[in-house]
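[1] sequence and computational prediction follow.
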Amino acid sequence: MTMKTSSPKVAGLDPRRVALALLDAVTIEKRLLSEVLTKKTAVLAFDDRARAQRLATECLRFMDRCDRMLGPYLSTLPAPHVMNALRLGVYEMCAAGEASHGVVNAYVSLVKENATAAHFKGLVNAVLRKVSGEVAKWETLPAPMMPKWLRKPLIADFGKATVAAMEVAQAKGAPLDLSAKANVAAVASATHGTVLPTGSVRVEGAVQVTKLAGFDAGDWWVQDAAAALPARVLAAQVGEHVLDMCAAPGGKTMQIAATGADVTALDISEIRMRRVSENLARCGLSAQVVVGDALEYEGGPFDAILLDAPCTATGTIRRHPDLPYAKDGSDFPSLFELQEHMIDRALALLKPGGRLVYCTCSLLIDEGEEQVRDALARHAGLTVDLEALQIEGVDPEWIGPEGLRTRPDFWADRGGMDGFFITVFRHT
């Protein structure tokens with residue numbers, strides 16, 4: 001992307017231009033922010049880079065509200081690029097509290113830069129000026145709803161009331177959670193965090209992770225409270241031979257390594273595994289790091305395996321609000337099939353009597369309860385160990401016949417948690 005120079009008459013165009021490009025990448029090109037963020041923000045200074053990322057992320061989080069504000073003034077939808085400019089303008093005026101005059105001028109200027117969209121400049125000017133007179137309406141709108149392609153199956157699984165509660169939690173975003181290598185209380189004290197019932201440390205407010213006390217010393221790593229549960233359920237013991245089957249980004253590998261178990265971290269991505277090695281080194285932990293395809297891996301046999309399978313990641317929307325707009329569900333069936341194959345392969349790598357913790361950061365029943373039912377039907381002698389799921393801090397009501405399910409609306413008074421499904425298979 002070639003960076004244009006901001007006009008002296010319209011301040012703040014550079015971060016807004018990049019934010020608009022990020023929205024286009026997600027909503028038009030159907031790419032995740034994680035795939036495009038570094039490249040598109042590289043042209044900006046540090047502060048502008050942070051602003052562009054924040055604008056794009058929060059506009060995506062509140063996309064449904066932005067569209068509700070715009071709806072009365074649009075008889076037909078304009079070109080997607082123009083619609084994204086309007087959405088950013090609405091977000092800035094209604095949620096970020098920016099002065100309407102500067103916002104309107106900025107997005108009119110940005111639309112004029114695009115040859116195929118320039119003729120919409122009058123529409124952008126008129127619509128944003130009308131919205132500027134109704135900013136108070138923003139707070140009366142319901143929590144942003146997920147797109148229909150995702151909302152519909154979730155309502156079928158959980159009901160409208162539960163999905164609405166999830167959406168409220170997703171709109172609030174997510175605090176920073178840490179997993180301590182050893183002394184949880186000391187980490188909480190040093191970072192001014194709170195110890196959660198399951199043992200994670202939650203830090204409120206905007207913080208720079210690398211500047212927090214204990215980062216350089218390797219006393220902790222960033223990991224959502226729900227994401228920390230599978231390794232706690234696995235309960236690795238000193239001397240056990242454990243496989244973390246889809247290890248990147250490495251939080252669960254470090255949890256297992258901290259128990260004193262002999263852990264092998266396996267993942268297909270060389271780049272992501274490099275990051276795992278760096279984090280292990282920072283925290284003074286050791287693991288055998290292997291880059292390879294889990295379906296072709298021939299190691300073991302293992303006393304225990306943790307399989308955090310590739311999934312739709314629908315449980316992480318409060319952290320990644322771009323996901324519902326970059327995806328449309330069309331690739332989900334192939335993921336469900338891959339999860340089946342990975343469960344089968346993991347079971348083949350277990351010692352007799354070994355245990356497999358299967359988990360996904362998903363809200364979809366197809367990636368949780370249904371996978372358990374199908375696996376039990378495929379494998380004679382396979383059982384689910386529900387007792388192993390009853391760990392400290394886990395509400396018994398979160399545990400069903402197939403396993404443990406967390407949702408974004410759980411711990412609503414504490415800031416919520418990611419959506420996860422976790423179960424324990426036993427080989428008999």
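    Good, I have the coordinates. Numbers count the residues shown, from 1 in each chain.
[2] from E270, how far off is A99?
    For A99, the distance to E270 equals 47 Å [CB to CB, to the nearest Å]. Heads up, the C-betas are built off the backbone N, CA and C, glycines and all.
[3] so who does the most centrally placed residue in the chain touch?
    Closest residue to the average C-alpha location of the chain: T316 at 3.3 Å, with CA atoms, centre = their mean. Going by CB atoms under 8 Å, 6 or more residues apart in numbering, T316 touches 224, 323, 361, 418-419.
[4] which one of those residues is nearest L386?
    Comparing the contacts of T316 against L386 with CB to CB places G419 closest, at 19.6 Å.
[5] list phi and psi for that closest one.
    The phi and psi values for G419, taken as degrees, to the nearest 10, are phi -80, psi 130.
[6] so it sits against T360, correct?
    No. The pair G419 / T360 is not scored as a contact, 9.2 Å apart, by CB atoms under 8 Å.
[7] which neighbours do the two share?
    Listed contacts common to G419 and T360 are G315; contacts here mean CB under 8 Å, 6+ apart.
[8] how does this structure divide into domains?
    13-140, 226-427 (automatic domain parsing).
[9] quick check: the gap between the residue nearest to the centre of the chain and Q170.
    10 Å.
[10] likewise V291?
    34 Å.
[11] who has more neighbours, the two?
    Counted by other CB atoms under 10 Å, V291 and Q170 do not tie: Q170 has more neighbours, with 25 against 17.
[12] look up how far R373 lies from the closest residue to the more buried one other than its chain neighbours.
    Closest residue to Q170 apart from its sequence neighbours, by CB to CB, 6 or more residues apart in numbering: R318 at 4.3 Å. Noted for R318: a distance of 28 Å to R373, by CB to CB.
[13] repeat for D293
    26 Å.
[14] which stretches of the protein have low pLDDT?
    The model of the chain has pLDDT under 70 over residues 1-11.
[15] strands along that one, start to end?
    Assigned by DSSP state E, the chain shows strands spanning 176-180, 194-195, 201-203, 220-222, 241-244, 262-267, 288-291, 302-308, 350-360, 382-384, 404-406, 420-427.
[16] the last one vs strand 302-308, what angle?
    So that's strand 420-427. Put simply, strand 420-427 runs at 160 degrees to strand 302-308, going by axes from the mean of the first three to the mean of the last three CA atoms, to 10 degrees.
[17] chain center to strand 420-427, what's the gap?
    Taking CA atoms, centre = their mean, to the nearest Å, one finds strand 420-427 lying 21 Å from the centre of the chain it belongs to.
[18] neighbouring strands of that strand in the sheet, and parallel or not?
    Here strand 420-427 is paired, per DSSP bridges, with strand 350-360 (antiparallel), strand 382-384 (antiparallel), strand 404-406 (antiparallel).
[19] does the residue nearest to Q170 touch G415 like I think?
    No. Using CB under 8 Å, R318 is not in contact with G415; the gap is 9.5 Å.
[20] more neighbours, the two?
    More crowded of R318 and G415, by other CB under 10 Å: R318, with 24 against 19.
[21] who are the neighbours in contact with that one?
    R318 is in contact with 169-170, 172-174, 408, 416, 418, counting by CB under 8 Å, 6+ apart.
[22] list buried residues within the residues you listed.
    169-170, 174, 408, 416, 418 (16 or more other CB atoms under 10 Å).
[23] picking that back up, from D224, how far out is the residue nearest to Q170?
    According to CB to CB, R318 and D224 sit 9 Å apart.
[24] list residues touching both of these two?
    Residues touching both R318 and D224 by CB under 8 Å, 6+ apart: 174, 418.
[25] mind listing which of the contacts of R318 are in helices?
    Members of those lying in helices (criterion: DSSP state H): 169-170.
[26] out of the contacts of T316, which is nearest to E35?
    Closest approach to E35 among the contacts of T316 (CB to CB): L323, at 11.7 Å.
[27] on that earlier part again, give me the common contacts of R318 and G415.
    Common contacts of R318 and G415 (CB under 8 Å, 6+ apart): 172, 174.
[28] about what we covered before: tell me which of the domains of the chain lies nearest to V207.
    Between V207 and the domains of the chain, the tightest spacing by CB to CB is seen for domain 13-140, at 13.0 Å.
[29] so W411 touches M417, yeah?
    Yes. In this structure, W411 is within contact of M417 by CB under 8 Å, at 5.6 Å.
[30] looking at these two, which one has more neighbours?
    M417 (29 against 20).
[31] apart from its neighbours in sequence, what residue is nearest that one?
    In this structure, M417 finds its nearest non-sequential neighbour in A226, 4.2 Å apart by CB to CB, 6+ apart.
[32] likewise for R49?
    Take R49 and drop its neighbours on the chain: the residue closest to it by CB to CB, 6+ apart is T41, 4.4 Å away.
[33] quick one on the thing from earlier: mean neighbour count, the strands paired with strand 420-427: which tops it?
    Of all these, strand 404-406 carries the top mean neighbour count, a mean of 25, counting by mean count of other CB atoms under 10 Å.
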